[in-house]
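Asker: Predicted model, plus sequence, below.
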Amino acid sequence: MTSRRAIAVLIGLSAFFLVAGCASIERANALKSSPSANWHGRLALRIAATTTEQTPDQSFSAAFELQGTPQQGDLLLLTPLGSTAAAIHWMPGQAVLHARGETRQFNDLDQLITQLLGTPVPVTALFAWLAGQAQEVEGWQVDLSAQDQGKILARRLSPEPSAELRVVLDN
């Protein structure tokens, strides 16, 4: 029985490192095609509960690597172990999501992000906020007061449900 357990553990570890290795290759390939700006750090999105639909608060957080512009680029969302949870590539007229062994195509990055996160996030403004520019977006308030420390806080007040986006950039 012990040798079966050892073999199962060995197979499991081998599979884990094989998948992690593939994710690392995918990450390297996705980042090669970067057109310009480059950010990495952690992001967290919390979507408030809605009383009308009786849904609880939802939250999402991940390490990320972002390269490009609102028009063309790559975004990697990483697991706590550093492997790729999702890889996103976009260009004019197309956005592609690679996650959980599946590839899905969307008309644009906004549509993909809404599908992935469950709520719209102002992608163009996010690039401006990362660059330290307080671009205004209807319904959103951004706090860049700690941007020199790599921290960005944006809140959507309308439409409901409210949402809060936090970004902490690595140095």
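Answerer: That came through fine.
Asker: contacts, neighbours, all on C-alpha from now
Answerer: Will do.
Asker: mind listing the helices for this structure?
Answerer: If DSSP state H is used as the criterion, the helices of the chain fall at 2-32, 109-117, 123-130.
Asker: Let me see the contact set for the residue nearest to His40 when sequence neighbours are not counted.
Answerer: The shortest distance from His40 to any residue that is not its chain neighbour, by CA to CA, 6 or more residues apart in numbering, is 4.3 Å, and that residue is Glu65. The contact partners of Glu65, taken as CA atoms under 8 Å, 6 or more residues apart in numbering, are 38-41, 75-77.
Asker: Got a ChimeraX select line for the buried ones in those?
Answerer: Selecting the buried subset of the contacts of Glu65 in ChimeraX, with 16 or more other CA atoms under 10 Å as the burial test, is done by:
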select :38,39,40,41,75,76,77
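Asker: Sitting in strands, which of the contacts of Glu65 do you find?
Answerer: Counted as lying in strands by DSSP state E, out of those, are 38-41, 75-77.
Asker: So which residue is smack in the middle of this protein?
Answerer: In the chain, the residue lying closest to the centroid (CA atoms, centre = their mean) is Leu77, at 4.6 Å.
Asker: Next one: that one, what pLDDT does it get?
Answerer: The predicted structure scores Leu77 at 95 on the pLDDT scale.
Asker: Offset the numbering so it begins at 43, please.
Answerer: Yep, numbering from 43; the last one is Leu119 now.
Asker: can you tell me which residues contact it?
Answerer: Listed by CA under 8 Å, 6+ apart, the contact set of Leu119 reads 104-107, 126-129.
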